[in-house]
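Q: Need the 3D shape of this:
(2 chains)
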There are 2 protein chains.
Amino acid sequence: MNFYEKLNAIWAKNNSFVCVGLDPDLNKLPACVKDKEFPIFEFNKAIIDATKDYVCAYKPQAAYYAGQDRDAELKMTIDYIKEVAPEVPVILDVKRGDIGSTADMYAKEAFIRYNADAVTVNPYMGFDTLKPFLDYADKGVIILCRTSNPNSGDLQNLVADGKMIYQHVALLAKDKWNYNNNIALVIGATYPEELKEVRTLCPELPFLVPGVGAQGGDVEKVVKNGTTAAGTGLIINSSRGIIYASKEDDFGVKAGEKTLELRDLINSFR
Amino acid sequence: MNFYEKLNAIWAKNNSFVCVGLDPDLNKLPACVKDKEFPIFEFNKAIIDATKDYVCAYKPQAAYYAGQDRDAELKMTIDYIKEVAPEVPVILDVKRGDIGSTADMYAKEAFIRYNADAVTVNPYMGFDTLKPFLDYADKGVIILCRTSNPNSGDLQNLVADGKMIYQHVALLAKDKWNYNNNIALVIGATYPEELKEVRTLCPELPFLVPGVGAQGGDVEKVVKNGTTAAGTGLIINSSRGIIYASKEDDFGVKAGEKTLELRDLINSFR
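A: Numbers count the residues shown, from 1 in each chain, chains lettered A, B, ... in the order given. Below is the predicted model:
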């Protein structure tokens, strides 16, 4: 199955648009996992066990593993998802972007070393820097379009030829770069009007939507503005709101409850 | 010393604008290092030994280590440079860009885990995604501006308010983001006219210039268009042309000769 097929299957099976962001900060882990040999893996494992029937994807953020010298636990986490929930796509959030020969290596990192189903990439350097990822026809390539952070407009909202830069990205993605039918876009939940515009420009591309929960995005607007005509198209990420729902021994259970709650809230607006 | 001071010191000491890109591909290493326990480190070590008096910086490309599961050898390489040539700044080429809390982790990766002196970053997501790097006042932050690859114009050359996007980046970098005096810009050698324009916009910022050698950039034009009024300002990267100068046992010696040759060629146009 390619990435679109995997998404369609999991949206149906788990009836969910929720993506759980696995962004574990060693300083924030519950005491019950802190002293384990692989605290980040143990933490993720409990979250995965409790949420795997309510999600449409997992999104480990590579920075948390790289910054804390825990690459091995990233690998263990993805291997575990493949073992217990192989139908749930893993999006490796790395936001890479580099010249061709280097991008080849980053594609290997994401798709071979870590066996991810999809990867996030940055479009600033242009098509030839995305191609090494896009050439993996069975893998998803999720391109930054309108990001959720406060200053995302610095470049993304500049207007060229009557269109904002993020609109150019959306149209390039849809019209020129999607030769393998494996592109999705990142659109922040914090900018629901832009989400609506990009949905109009790209009626069928899946959107990865970060920014609900800790960043304050409005779930109702995201669902109403972002859903496709087929009633799907959304991968709505929550990280901190789910993985840190409790700091006690019950953190896994609470993460499961929060995920189910967010799934049902989202579904109430579909 | 901050990054600008380190650059000024090494430009003077080694009389060189050459940056050697340490981008080792296991498939391309000479037979004499291939069977070692740490082939990439042994390869880099020989290159460093032979070039350290002729360079102004080293630039390991993180993708080559991440993509080949060799993070440990990246750390060993940087530690070795700090031991034998502490005056030569290490630029970790990662081109990161992510929301604040995640960028914090990437800054830790570059500056704490790997102890790099500078890092490359992608400006597409805007100021708040660069700030966690910029806040390390003693470290250099090298922002992608006009990159060397063939399709770099896809977004970088779009015109908004009469200026191309890469010119917006240059002006934001100079006028708004350089509060710690630690910014440099990436401008590809393959676009010498743009190099000249950006030098006019930013008379004093250091430029990291990839694209001479394998990518075909013209050394004379780079030097004539990119040098500052003070006669410096350039970090001219060459990777493949230097590290693969020979595939035999003499690869270190040949890398040293190629580096010296490029240094002298550059200096002949100063």
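Q: Please enumerate the helices of chain A.
A: A:3-14, A:31-34, A:39-51, A:62-66, A:71-84, A:100-108, A:127-134, A:153-156, A:165-172, A:192-201, A:219-226, A:240-243, A:251-268 (DSSP state H).
Q: Need the winner for burial among those helices.
A: Mean neighbour counts were taken over those using mean count of other C-beta atoms under 10 Å in any protein chain shown, and the top value, a mean of 25, falls to helix A:62-66. Every residue, glycine included, has its C-beta placed from N, CA and C.
Q: Please state the offset of that one from the chain centre?
A: Relative to its chain's centre, helix A:62-66 lies at 14 Å (C-alpha atoms, centre = their mean, to the nearest Å).
Q: do the same with stretch A:194-208
A: 15 Å.
Q: List the neighbours of that stretch that are in contact with it.
A: Stretch A:194-208 has contacts (C-beta atoms under 8 Å, 6 or more residues apart in numbering or on different chains) with A:4, A:7, A:19, A:59, A:91, A:120, A:140, A:142, A:145-146, A:166-167, A:170-171, A:173-174, A:178, A:183-189, A:209, A:221-222, A:225-230, A:232-235, A:237.
Q: filter those residues to the buried ones?
A: Buried subset of these (neighbour count, 16 or more other C-beta atoms under 10 Å in any protein chain shown): A:4, A:7, A:19, A:59, A:91, A:120, A:140, A:142, A:145-146, A:166-167, A:170, A:173-174, A:178, A:183-189, A:209, A:221-222, A:225-227, A:232-235, A:237.
Q: so of the residues you listed, which ones are in strands?
A: Among these, the residues falling in strands (DSSP state E) are A:19, A:59, A:91, A:120, A:140, A:142, A:145-146, A:183-187, A:209, A:234-235, A:237.
Q: Kindly reformat the helices of chain A as a markdown table containing mean pLDDT and distance to B:T51.
A: Formatted as a markdown table, the helices of chain A follow (pLDDT from 0 to 100; distance: least, C-beta to C-beta, whole Å):
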| stretch | mean pLDDT | distance to B:T51 |
| --- | --- | --- |
| helix A:3-14 | 98 | 43 |
| helix A:31-34 | 94 | 44 |
| helix A:39-51 | 98 | 38 |
| helix A:62-66 | 97 | 27 |
| helix A:71-84 | 98 | 29 |
| helix A:100-108 | 96 | 21 |
| helix A:127-134 | 98 | 28 |
| helix A:153-156 | 98 | 36 |
| helix A:165-172 | 98 | 39 |
| helix A:192-201 | 96 | 48 |
| helix A:219-226 | 96 | 52 |
| helix A:240-243 | 95 | 45 |
| helix A:251-268 | 97 | 50 |
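Q: Tell me the residues of the stretch 1-150 of chain A that contact chain B?
A: A:23, A:25, A:61, A:63-64, A:66-69, A:71, A:95-109, A:112-113, A:122-129, A:144, A:147-150 (C-beta under 8 Å from any C-beta of the partner chain).
Q: same thing but 6 Å
A: For the stretch 1-150 of chain A, the residues in contact with chain B (C-beta under 6 Å from any C-beta of the partner chain) are A:61, A:63-64, A:66-67, A:69, A:71, A:95, A:97-99, A:102, A:105-106, A:108-109, A:113, A:122, A:124-129, A:147, A:149-150.
Q: ok, now the stretch 151-270 of chain A?
A: A:151-152, A:154-155, A:158-160.
Q: which among these end up buried?
A: A:151-152, A:154-155, A:158, A:160.
Q: For A:V212, give me its contacts.
A: A:189, A:219, A:236, A:238 (C-beta atoms under 6 Å, 6 or more residues apart in numbering or on different chains).
Q: Okay, and the beta partners of it?
A: Bridge pairing for A:V212 (DSSP bridges) gives the partners A:G217.
Q: any idea what sits nearest the most far-flung residue of chain A relative to its centre, other than its immediate chain neighbours?
A: In terms of distance from the mean C-alpha position of chain A, A:D161 ranks first, at 30.2 Å (C-alpha atoms, centre = their mean). Counting by C-beta to C-beta, 6 or more residues apart in numbering or on different chains, the nearest residue to A:D161 once its immediate chain neighbours are dropped is B:L158, at 7.2 Å.
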